[in-house]
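Q: Pasting the sequence and the predicted coordinates here, then a few questions.
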Amino acid sequence: MEEEKIIVCFGDSNTHGYDNKSGGRFNRFTRWPMVLQSLLGEEYLIREEGLSGRTTVFSDPLHESLSGVETIRPVLFTHEPVSLLIIMLGTNDVKARFSATAENISRGLDRLIKKAKAAEDAFLHQKVNILVVAPYPIDEEYMETSVGNDMGEGCAEKSRKLSKLYREIAMLNHCHFLSAEEIPGMENYPYDYMHLSPKAHKALAEALAERMDTYLS
């Protein structure tokens, strides 16, 4: 019997499944990694590696252990052999306290990808296959909600610039690429305008499932 293909979903609260209506977490029937699991079936094993507040490379002065580049290697080692690593990060990187431009954030993604690829020797020379998903942009209305003061100003504008820059970084690193902004049905929940709605989780999972053969080739 052929072994299951392991897919690691490495992201932030929008991968963890934060429900900004209740302040809790969406159930497994709603979170996009688990919806993807149901769509792909038993030939695949989806591993959820979402962490609220996670960034590409930035260390948060208010919360520890949120830099993706510091944890990507042990995550890959834990779940090897990994058939596909899906990276969807950048939403937290736009926070004002990091003082990072969209270009800075894309360079953080580049560093994260290179750190993941450097783990290849630990997989008996298995190639680390990576899909970069540019996160769905933050809506301007976020500043009018409870997250506005924590995020700071200018976040929506920076988040809209990430897709184009991420596409270029993915191409340079020979990674697959998908922009969440281009998927029909994507939207933010109207409670803070930066976390995905249940409808968006489903739309993202369906888009990934439709393209999975391409990503694994």
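A: On my side now, so go ahead.

Q: contacts and neighbour counts: CA atoms only from here.
A: Noted.

Q: all strands for the protein, in order.
A: 5-11, 18-19, 24-25, 44-50, 84-88, 130-134, 176-179 (DSSP state E).

Q: most tightly surrounded among those?
A: Greatest average neighbour count among those goes to strand 130-134 (a mean of 24), per mean count of other Cα atoms under 10 Å.

Q: Reformat the strands of the chain as a markdown table; add distance to Ala116.
A: Output for those, formatted as a markdown table (distance: least, Cα to Cα, whole Å):
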| stretch | distance to Ala116 |
| --- | --- |
| strand 5-11 | 11 |
| strand 18-19 | 25 |
| strand 24-25 | 28 |
| strand 44-50 | 14 |
| strand 84-88 | 9 |
| strand 130-134 | 9 |
| strand 176-179 | 14 |
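
Q: Dump those strands to CSV, plus distance to Asn188 and mean pLDDT.
A: Formatted as CSV, these follow (distance: least, Cα to Cα, whole Å; pLDDT from 0 to 100):
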stretch, distance to Asn188, mean pLDDT
strand 5-11, 16, 97
strand 18-19, 11, 97
strand 24-25, 15, 97
strand 44-50, 17, 98
strand 84-88, 15, 98
strand 130-134, 14, 98
strand 176-179, 15, 98
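
Q: Those strands: which one's closest to Asn149?
A: Asn149 sits nearest to strand 18-19 of all those, at 18.9 Å, using Cα to Cα.

Q: Of the strands of the chain, give the one that comes closest to Ser159.
A: For Ser159, the closest of those is strand 130-134, at 9.3 Å, according to Cα to Cα.

Q: quick one: strands adjacent to the closest one?
A: Under the criterion DSSP bridges, strand 130-134 sits next to strand 84-88 (parallel), strand 176-179 (parallel) in its sheet.
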